[in-house]
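Undergrad: predicted model and sequence follow; I will ask about them next.
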Amino acid sequence: MNLVEQLEYLFNPRSVAVVGASNTFGKWGFDMINSALATTQERKVYPVNKNASEVRGLRTYQCVRDIPDRVDFAVITVPYQQVPGIMNDCVDKEIKAALITSGGLSETGEEGAKVEAEIVSIARRGGLRFIGPNSMGHFNTSSDFSTTPWIPQVKKGSVGLISQSGNCGVYILRCGFELGIGFSKFVSSGNEADLCLEDYLEYLAQDEETKVIIAYIEGLRGGRRFFQLAKEITPKKPIIVMKAGRTAGGTKAARSHTAALSGSEAIHEAMFRQAGVIRVDEVDELLDVAGALLRQPLPKGKRVGILTAGGGFGVLATDACERLGLQVAPLSPATIERLNTILPSRWSHANPVDTVAAYLDTFPCLWPLMDDENVDAILLSGGVGTAAAVPKLDGVPLSTMEEIKQILKAREDEELRNWDLAIERMDRDQKPIVVLTMATSAFKDLETFNKLRENGILIYPTPERAAKVLAYLAQAGEYLGISRGGQAEPTC
């Protein structure tokens with residue numbers, strides 16, 4: 001049985017035993033049995049608890065060996081001293097895979113490391129593969145299976161997440177939900193006593209549900225293997241990582257957290273770059289870039305057209321782009337001439353294009369920029385919520401208010417039609433449109449906001465975040481050899 005087949009028992013089990021299942025709110029066994037039961041009814045769940053006759057209305061078993069049916073997967077949530085005995089029972093039952101939530105093992109010192117080594121030895125004797133110890137669970141949205149507590153209903157999507165920290169993993173998931181990003185698979189890898197990040201990477205590489213792979217990394221067990229896998233994967237699927245432990249203090253903290261071996265920072269940096277792995281520094285970047293790579297075309301170069309409704313945003317966006325190595329593109333004479341017919345004479349006559357607060361001119365100005373061969377990508381500040389950008393009007397006659405409502409509805413309808421066209425143009429011309437709106441939260445109930453979210457287009461709240469996304473898109477395009485008139489091929 002190859003690795004991918006083995007991991008199918010983790011992500012697609014037909015039957016699950018929860019060892020340490022509990023009726024007591026606040027215990028891991030309570031959370032884990034609830035997570036397992038909250039998924040599809042077709043999966044059999046067996047609580048194992050020596051001190052209770054039933055959990056959540058289900059008959060309990062004293063030991064996994066007592067379960068009369070076949071068990072594919074076991075969740076082990078008991079004190080670490082009991083885990084070797086439980087693992088022996090799982091091997092005797094011929095269980096194929098397990099998740100161990102128990103902490104207090106190799107991350108704490110020599111005594112815990114000895115117990116962990118014993119667990120590994122038992123598992124290998126029986127050919128059992130396991131997540132953890134010290135894991136906060138995993139899930140697979142395509143099979144409706146989860147062992148991860150403390151998260152809301154998971155939106156099905158195309159991002160696979162591997163996290164060597166459970167808390168960071170759950171935080172990334174929650175931030176992703178807020179942005180409207182859906183996930184395919186998630187695993188909190190914990191101490192990686194058996195299965196490690198490289199194993200999950202290999203699995204997600206062949207997973208048809210996963211289009212983009214993201215990872216929170218504290219250390220690599222197999223750096224050479226990671227490099228080889230990444231070189232094979234990145235021409236087909238983007239890999240985005242947030243690698244912690246850049247400093248001496250961070251490295252020490254990682255070792256005490258999950259017993260991770262951080263290694264040389266310079267080596268990691270070079271390895272990521274040569275393998276086409278995108279490295280980011282913050283959770284926001286991890287998700288911003290993942291969302292963009294899922295939906296946006298890769299630009300054919302680094303030349304950016306900036307379109308704003310105010311000069312200040314244009315200045316900030318220009319600074320942000322140039323700091324990141326992007327070029328604020330010189331506009332062609334034909335583009336300037338077209339913009340002259342749309343904008344007042346006081347407009348900047350250059351890139352960035354400032355509509356001088358003429359919000360309704362956003363889309364008429366966008367089309368010339370999309371047509372300009374000097375422009376590879378668009379950073380757009382505006383185009384969302386023009387109908388909402390109207391102050392409250394008190395004391396206005398009812399008849400006038402009705403007229404205003406009709407005008408605003410017409411504006412919103414026009415905005416929606418323009419976005420249909422913009423998305424069509426973006427895909428046709430292979431020019432990404434990265435959207436910046438400072439008041440994102442104020443627009444979440446608008447039809448335009450929902451249209452963009454439904455189409456996988458994220459809205460970024462600052463010029464810096466929008467520019468970083470464009471820079472990473474350009475980096476990915478450069479790695480894949482996407483150049484003007486060229487084909488997408490790996491460059492190394």
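TA: In hand now; what should we look at?

Undergrad: contact partners for the residue positioned nearest the centre of the chain?
TA: Compute the mean C-alpha point of the chain, and by C-alpha atoms, centre = their mean the closest residue is L287, 4.6 Å away. Listed by C-beta atoms under 8 Å, 6 or more residues apart in numbering, the contact partners of L287 are 172, 175-176, 179, 181, 214. (Each C-beta comes from the backbone N, C-alpha and C, glycine too.)

Undergrad: so among these, where is pLDDT lowest?
TA: Within the contacts of L287, L179 has the lowest pLDDT, namely 89.

Undergrad: for it, what are its contacts?
TA: Contacts of L179 were listed using C-beta under 8 Å, 6+ apart, and they are 287-288, 291, 458.

Undergrad: what's the most distant pair in those?
TA: In terms of C-beta to C-beta, these reach their longest pairwise distance at L287 and L458, which sit 8.3 Å apart.

Undergrad: low-confidence ranges, the stretch 351-492 of the chain, go.
TA: Judged by pLDDT under 70, the stretch 351-492 of the chain has its weakly predicted residues at 358-359, 386-396, 398-399, 401, 438-443, 483-492.

Undergrad: how about a cut-off of 50?
TA: For the stretch 351-492 of the chain, residues meeting the criterion pLDDT under 50 lie at 483-492.

Undergrad: tell me which stretches of it form helices.
TA: Under the criterion DSSP state H, counting those that start in this stretch, helices of the stretch 351-492 of the chain are mapped to 362-371, 398-429, 447-454, 463-479.

Undergrad: redo those helices as JSON lines? Include mean neighbour count and distance to K155.
TA: Supplementary listing: the helices of the stretch 351-492 of the chain in JSON lines, determined by neighbours: other C-beta atoms under 10 Å; distance: least, C-beta to C-beta, whole Å:
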{"stretch": "helix 362-371", "mean neighbour count": "20", "distance to K155": "30"}
{"stretch": "helix 398-429", "mean neighbour count": "14", "distance to K155": "21"}
{"stretch": "helix 447-454", "mean neighbour count": "17", "distance to K155": "11"}
{"stretch": "helix 463-479", "mean neighbour count": "23", "distance to K155": "21"}
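
Undergrad: quick one, which of those is nearest to M242?
TA: With distances scored as C-beta to C-beta, the stretch of the helices of the stretch 351-492 of the chain nearest to M242 is helix 463-479 (12.6 Å).

Undergrad: now for that closest one, which elements pack on it?
TA: strand 278-280, helix 283-295, helix 311-323, strand 377-381, strand 433-436 (3 or more C-beta pairs under 8 Å, 6 or more residues apart in numbering; DSSP states H and E).

Undergrad: the inter-axis angle of the fourth one versus helix 398-429?
TA: When you say that, I think you mean strand 377-381. 160 degrees (axes from the mean of the first three to the mean of the last three C-alpha atoms, to 10 degrees).

Undergrad: and the contacts of strand 377-381?
TA: Strand 377-381 has contacts (C-beta under 8 Å, 6+ apart) with 299, 303-310, 313-314, 317, 321, 362, 366, 369-370, 431-438, 463, 466-467, 470, 473-474.

Undergrad: likewise for the shortest one?
TA: Strand 278-280 is touched from outside by 238-243, 269, 272-273, 286, 289, 472, 475-476, with contacts defined as C-beta under 8 Å, 6+ apart.

Undergrad: picking that back up, show me the one of the helices of the stretch 351-492 of the chain that comes nearest N23.
TA: Among the helices of the stretch 351-492 of the chain, helix 447-454 sits nearest to N23 (C-beta to C-beta), with 39.3 Å.

Undergrad: on that earlier part again, okay if I get the contacts of L287 as JSON lines plus distance to N134?
TA: Converted to JSON lines, these look like this (distance: C-beta to C-beta, whole Å):
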{"residue": "I172", "distance to N134": "18"}
{"residue": "C175", "distance to N134": "22"}
{"residue": "G176", "distance to N134": "23"}
{"residue": "L179", "distance to N134": "28"}
{"residue": "I181", "distance to N134": "26"}
{"residue": "I214", "distance to N134": "21"}
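
Undergrad: kindly reformat those as CSV containing distance to L229 and secondary structure.
TA: Putting the contacts of L287 into CSV (distance: C-beta to C-beta, whole Å; DSSP: H, G, I helix; E, B strand; the rest coil) gives the following:
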residue, distance to L229, secondary structure
I172, 21, helix
C175, 26, helix
G176, 23, helix
L179, 27, helix
I181, 24, coil
I214, 15, strand
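
Undergrad: highest neighbour count among the residues you listed?
TA: Using other C-beta atoms under 10 Å as the contact criterion, the top neighbour count among the contacts of L287 goes to I214, which has 28 neighbours.

Undergrad: quick one, what contacts the residue of the chain most remote from its centre?
TA: Farthest-out residue of the chain from its mean C-alpha position, per C-alpha atoms, centre = their mean: P397, at 48.9 Å. By C-beta under 8 Å, 6+ apart, no residues touch P397.

Undergrad: next one: it from K409, what distance?
TA: 19 Å (C-beta to C-beta, to the nearest Å).

Undergrad: domains in the protein, as residue ranges please.
TA: In the domain annotation for the chain, the residue ranges read 1-133, 151-295, 297-479 (automatic domain parsing).

Undergrad: number of nearby residues for the residue nearest to Y472 when sequence neighbours are not counted?
TA: By the measure of C-beta to C-beta, 6 or more residues apart in numbering, the closest residue to Y472 outside its immediate chain neighbours is V289, 4.7 Å from it. Other residues near V289 come to 26 when the count uses other C-beta under 10 Å.

Undergrad: any common contacting residues for L287 and L458?
TA: With contacts defined as C-beta under 8 Å, 6+ apart, the residues shared by L287 and L458 are 179, 181.

Undergrad: and the helices in the stretch 51-200 of the chain, which stretches?
TA: In order along the chain, the stretch 51-200 of the chain carries the following helices (DSSP H, counting those that start in this stretch): 83-92, 110-126, 166-179, 197-206.

Undergrad: the first one packs against which elements?
TA: The one in question is helix 83-92. Contacting helix 83-92 under the criterion 3+ C-beta pairs under 8 Å, 6+ apart are the following elements: strand 73-76, strand 97-100, helix 110-126.

Undergrad: packing partners of the second one?
TA: Right, the one you point to is strand 97-100. helix 3-11, strand 73-76, helix 83-92, strand 129-131.

Undergrad: ok, the last one next?
TA: Packed against helix 110-126, as judged by 3+ C-beta pairs under 8 Å, 6+ apart, are the following elements: helix 83-92, strand 129-131.

Undergrad: same list (the ones you listed) but as JSON lines, adding mean pLDDT.
TA: What follows is these, written out as JSON lines (pLDDT from 0 to 100):
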{"stretch": "helix 83-92", "mean pLDDT": "97"}
{"stretch": "strand 129-131", "mean pLDDT": "98"}
